[in-house]
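[1] Sequence plus predicted model, see below.
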Amino acid sequence: MKIRVNGEEQVLDGVATLADLIAVLELAGKRVAIEKNGEIVPRSRHGEERLSDGDELEIVVAVGGG
Amino acid sequence: MTELSDQALLRYSRHILLPELDIAGQQALLGARALIVGAGGLGSPVALYLASAGVGQLTIADDDVVELTNLQRQIAHDKASLGRNKAESAAARMLAMNPEVAVRVIGERLAGQSLADEVARHDVVLDCSDNFATRHAVNRACVAAGVPLVSGAAVRFDGQLAVFDTRQPASPCYHCLFPEEGEANDGPCATFGVLAPLVGVIGSLQAVEAIKLLAGIPVALGRLTLYDALESSFRSMKVPRDPACPVCSGRSSGSE
């Protein structure tokens, strides 16, 4: 499957859902939100959110400073 | 609402000229209460703009004192404020700009019941804090009290802005967006640095959104705006509610 993550094309096998991608990218437990095709996917939906060819994903890292 | 004096009509004339605000909008601002959490990089422009714009009752909270490293970007303070509590220092500048507004200083870190009480007695809260524990605590207090939250954050060349108003059924809360777990401090300015006017950009955007909320001008909810100062670009994305959010999913008005 070919998807774009943070603007870079990635070819990933064995990744069906957003939760799978989070595991592969080692983002579990990180303070991030995942945007898929222009919309943040709620955390409780990561397990059921299926990925397909051409999806555009962005990892949005929380900023805490002020 | 009280009539505006001739002085007030003059001071706020450039607001009153805006049809979206007009006299009624300015009167709403003068009658409004805003809580500013943090008087640092974001809190400085927020405090100065809300005071100059005539938000009638302003509360500013910070337990920190002004240090030389702050003066590169925290423009509510100056050399004479070194060693002084930040909320006090900011309040002095706010009142120098506009003595017609009331400014209350809280020189301690708001937490627990005091945070809940303070949030509940304001019409809008501006999160200008510098750590995630406070961000989540402020969010919880805002959801519990049904008070809109204007959240801003900045570090290095990156800024984030979002408005949460959980009185609106479709609005997410901060916790719907970012989880509570994660490293305690992903980016304090003391570790990673921050471009001086970046906090001015984000703080000014927070002030814009707060004024719109208080004046009854529609505000975009469920949206996260990212500012990349290196790329000179803004980008926005939709933020839906998390139906399983432990903070806001149980709210009565928003179950559907």
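    The structure has been received and is ready for your questions.

[2] Setting aside sequence-adjacent positions, which residue approaches the spatially most central residue of chain A most closely?
    Averaging the C-alpha coordinates of chain A gives a centre point, and the residue nearest to it by CA atoms, centre = their mean is A:Ile34 (4.8 Å). The shortest distance from A:Ile34 to any residue that is not its chain neighbour, by CB to CB, 6 or more residues apart in numbering or on different chains, is 5.4 Å, and that residue is A:Val41. Where you see a C-beta, it was placed from the backbone N, CA and C, and this is true even at glycine.

[3] which residues touch that neighbour?
    The neighbourhood of A:Val41, defined by CB atoms under 8 Å, 6 or more residues apart in numbering or on different chains, consists of A:Leu18, A:Ile34, A:Glu35, A:Glu49.

[4] ditto for B:Glu20
    Taking CB under 8 Å, 6+ apart as the contact definition, B:Glu20 lies against B:Ala215, B:Ile217.

[5] one more time with 7 Å, if that's ok
    B:Ile217 (CB atoms under 7 Å, 6 or more residues apart in numbering or on different chains).

[6] do A:Gly47 as well
    With contact taken as CB under 7 Å, 6+ apart, A:Gly47 is in contact with A:Thr17, A:Ala19.

[7] repeat for B:Val219
    Taking CB under 7 Å, 6+ apart, we find B:Val219 in contact with B:Val163, B:Glu209, B:Lys212, B:Leu213.

[8] how about these in JSON lines, adding distance to chain A and secondary structure?
    As requested, those are arranged in JSON lines below (distance: CB to the nearest CB, whole Å; DSSP: H, G, I helix; E, B strand; the rest coil):
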{"residue": "B:Val163", "distance to chain A": "15", "secondary structure": "strand"}
{"residue": "B:Glu209", "distance to chain A": "15", "secondary structure": "helix"}
{"residue": "B:Lys212", "distance to chain A": "21", "secondary structure": "helix"}
{"residue": "B:Leu213", "distance to chain A": "19", "secondary structure": "helix"}
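
[9] of all the residues you listed, which comes closest to B:Val119?
    Ranked by distance to B:Val119 (CB to CB), the contacts of B:Val219 are led by B:Leu213 at 14.4 Å.

[10] out of everything not next to it in sequence, what's closest to the residue of chain A found nearest chain B?
    When scored by CB to the nearest CB, chain A has A:Arg31 as its residue closest to chain B, at 3.0 Å. The spatially closest residue to A:Arg31, leaving aside those adjacent along the chain, is B:Gly182, at 3.0 Å (CB to CB, 6+ apart).

[11] State the number of residues packed around that neighbour.
    Residue neighbour count, defined by other CB atoms under 10 Å in any protein chain shown, stands at 16 for B:Gly182.

[12] same thing with A:Ile22?
    Burial of A:Ile22 is recorded as 20 neighbouring residues (other CB under 10 Å).

[13] Pretty sure it sits against A:Lys30.
    No - with contact taken as CB atoms under 7 Å, A:Ile22 and A:Lys30 are classed as non-touching, separated by 8.7 Å.

[14] Against B:Ala162, how distant is the residue nearest to A:Arg31?
    When distance is defined by CB to CB, to the nearest Å, B:Gly182 is 17 Å away from B:Ala162.

[15] right, and the residue nearest to the centre of chain A touches A:Ile59 too?
    Yes - counting by CB under 7 Å, A:Ile34 does reach A:Ile59; the two are 6.2 Å apart.

[16] ok, the residue lying closest to A:Val60 once chain neighbours are set aside - contacts?
    Spatially, and ignoring its direct neighbours in sequence, A:Val60 is nearest to A:Ala33 (4.5 Å; CB to CB, 6+ apart). Residues counted as contacts of A:Ala33 (CB under 7 Å, 6+ apart) are A:Ile40, A:Val60, B:Leu177, B:Phe178.

[17] Let's see if you can find the most crowded of these.
    Sorting these by how many neighbours each has (other CB under 10 Å) puts B:Phe178 first, at 28 neighbours.

[18] so what's the closest residue to that residue other than its chain neighbours up against?
    Once its chain neighbours are removed from consideration, B:Phe178 has its nearest residue in A:Ala62; the separation is 4.3 Å (CB to CB, 6+ apart). A:Ala62 makes contact with A:Arg31, A:Val32, B:Phe132, B:Phe178, B:Asp186, according to CB under 7 Å, 6+ apart.
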